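Enquirer: Sharing a model prediction with you, sequence too.
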Amino acid sequence: MPTVVLGVTGCIGAYKACEVLRELQKRDVDVHVVMTDHATRFVSAMTFEALSHHPVFVDQFALGENGDIRHVSLADAADLLLVAPATANVLARFARGIADDALTTLHLASRAPLLVAPAMNVNMFEHPAVAENLAILRARGVGVVEPGAGYLACGWLGKGRLAEVADIVGAAMAALQRQRDLAGWKVVVSAGPTIEDLDPVRFISNRSSGKMGYRVAEAARDRGAEVTLVSGPTALPDPARLRTVRVRSAAEMEQTVLREAAAADVVVMAAAVADWRPARRADHKVKKDVAERTLELERTTDILAALGRDKGARFLVGFAAETDDVVAYARGKLVKKNADLIVANDVSGAGVGFDADDNAATLVDRAGEQVVTRTSKRALAERIWDRVRELRAARG
Ligand code: PMT
């Protein structure tokens, strides 16, 4: 039986959390409730205690609450942390890592996926601070059940009403089902740019930040896969609970990916690998004493194509960063590189693609196409894994 820790925060929508709890129980979910102090002014802890058949956690400093260090034991037991309703205040504290009550402390102690259902006045919801905090959470892979639009409890008309109970419960059940559905898979993900040195101080590279590949690797890890991330030079820290191998050049990436791919079930090439490198690297800094200099370049190995030529049972995912005819070029790459799925990125728009937290893509495979409109890179990563699972299952 999965365990959901239901966080309830101080908002008129708190009464709907009782229904959320009951609907989850009907689906064989064990629900424990954590309330903020403000939430207890809307619905009493006694109500949730009676409905959940468990003590309700409100005050982490109350005597008797810490026999088993409650915020840690509950965080550890959770398969999902669902916060409904989530106020602007709790979103800010989650985004900034503040731990000043039972719920926010448990949030930091938990490795379970987090799903929030925001509810507040429309002006609050549209405030840049709230939008920024939600963007931070989304980039971290947090699921958001969008609030509805209509008459709000404050009498205003607009977006901010807690989502329908059915939508919250549906999103929670989907998050629970996703968990560990990649268990037993060995996955290799490449990410970031490569750097091709001209001399000890100059190089050729590109604008990849590594965010897309890192999110793909983290999503696979969170769904139970054993993940090796082969990363070009990025400013991102090594993700927890997966193996990161750092490389610099296309040649190093080629060597490492081919070695790691030998034992992998799935390889995802999200890296922006250089297509050309300088034919020669100078050992000393090249002097600028000539007016013009011609750079001689040679092709690097196409790693994805090399994997495609010796594919075996492996499932190959490539990316295609394009500025025009995105899907047509992606389909060409699918065939030419013998890949199973190409994530076609239109990198010409603002706010998506290189270095952005969001992305938009079309998933192109031999059976068809799926359009993923602008969303967080983590959410796109989940969609990629959903599709890989379907295609591998269809293949048997
Ligand atoms: O890192 P971010 O800032 O988050 O940005 C994400 C991204 C835009 C870099 C990423 O989503 C993306 O599109 N990566 C692929 C970029 C790219 O190199 O596309 P391409 O069309 O040149 O290559 C097609 C595929 O072949 C890619 O899977 C690439 O990894 C692979 N390739 C390319 C060249 C090469 N020598 N070897 C390869 O394996």
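Expert: Noted; the coordinates are in hand. Residues are numbered from 1 along each chain as shown.
Enquirer: Show me what the helix or strand bottoming out on mean pLDDT in the chain is packed up against.
Expert: Confidence across the helices and strands of the chain bottoms out at strand 148-151, with a mean of 79, counting by mean pLDDT, DSSP states H and E. Taking 3 or more C-beta pairs under 8 Å, 6 or more residues apart in numbering; DSSP states H and E as the contact definition, the neighbouring helices and strands of strand 148-151 are strand 157-161. (Each C-beta comes from the backbone N, C-alpha and C, glycine too.)
Enquirer: other SSEs contacting the strand it packs on?
Expert: In terms of contacts (3+ C-beta pairs under 8 Å, 6+ apart), strand 157-161 is packed against helix 122-126, strand 148-151.
Enquirer: Show the subsequent helix or strand relative to the longest one.
Expert: To tie it back to what came earlier, the one meant is helix 122-126. Toward the C-terminus, helix 122-126 is succeeded by helix 128-139 as the next helix or strand (DSSP states H and E).
Enquirer: name the helices or strands packed onto that following helix?
Expert: Secondary structure elements in contact with helix 128-139, counted by 3+ C-beta pairs under 8 Å, 6+ apart, are helix 88-96, strand 114-118, strand 143-144, strand 368-376, helix 377-395.
Enquirer: residues making contact with the fourth one?
Expert: So that's strand 368-376. Strand 368-376 has contacts (C-beta atoms under 8 Å, 6 or more residues apart in numbering) with 135, 138-139, 141, 215, 327, 351-352, 357-363, 380, 383, 387.
Enquirer: Where does pLDDT dip in the protein?
Expert: Applying pLDDT under 70 to the chain flags the ranges 63-67.
Enquirer: where does the protein come near the ligand, residue by residue?
Expert: For the chain, the contact set with the ligand under C-beta under 6 Å from any ligand atom comprises 192, 208-212, 250, 269-273, 275, 300, 302-304, 318-321, 333, 345, 347, 353-355.
Enquirer: I'd like to know which of the helices and strands packed on strand 157-161 lies nearest to Thr87.
Expert: Checking the helices and strands packed on strand 157-161 against Thr87 by C-beta to C-beta gives helix 122-126 as the closest, at 8.7 Å.
Enquirer: need the helices and strands packed on helix 128-139 in a markdown table with mean neighbour count, can you?
Expert: Shown next, in a markdown table, are the helices and strands packed on helix 128-139 (neighbours: other C-beta atoms under 10 Å):
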| stretch | mean neighbour count |
| --- | --- |
| helix 88-96 | 21 |
| strand 114-118 | 26 |
| strand 143-144 | 20 |
| strand 368-376 | 14 |
| helix 377-395 | 19 |
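Enquirer: Dump those to CSV, plus distance to Ala174.
Expert: CSV is the format used below for the helices and strands packed on helix 128-139 (distance: least, C-beta to C-beta, whole Å):
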stretch, distance to Ala174
helix 88-96, 21
strand 114-118, 9
strand 143-144, 9
strand 368-376, 15
helix 377-395, 10
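Enquirer: most packed of the helices and strands packed on strand 157-161?
Expert: With neighbours defined as mean count of other C-beta atoms under 10 Å, the helices and strands packed on strand 157-161 peak in mean count at helix 122-126, which reaches a mean of 16.
Enquirer: chain center to that one, what's the gap?
Expert: Between the mean C-alpha point of helix 122-126 and the mean C-alpha point of its chain there is a distance of 25 Å (C-alpha atoms, centre = their mean, to the nearest Å).
Enquirer: Number the chain from 3, please
Expert: Yep, numbering from 3; the last one is helix 124-128 now.
Enquirer: which helices and strands sit right next to that helix?
Expert: Here helix 124-128 is seen to pack against strand 159-163 when contacts are counted using 3+ C-beta pairs under 8 Å, 6+ apart.
Enquirer: Check which residues of whatever helix or strand comes next after the strand it packs on are buried.
Expert: Reading on from strand 159-163 to the C-terminus, the next helix or strand found by DSSP H and E is helix 167-180. Burial within helix 167-180, assessed by neighbour count using 16 or more other C-beta atoms under 10 Å, is assigned to 167, 170-171, 173-175, 177-178, 180.
Enquirer: Same question for stretch 32-40.
Expert: Of all the residues in stretch 32-40, those buried under the rule 16+ other C-beta under 10 Å are 32-38, 40.
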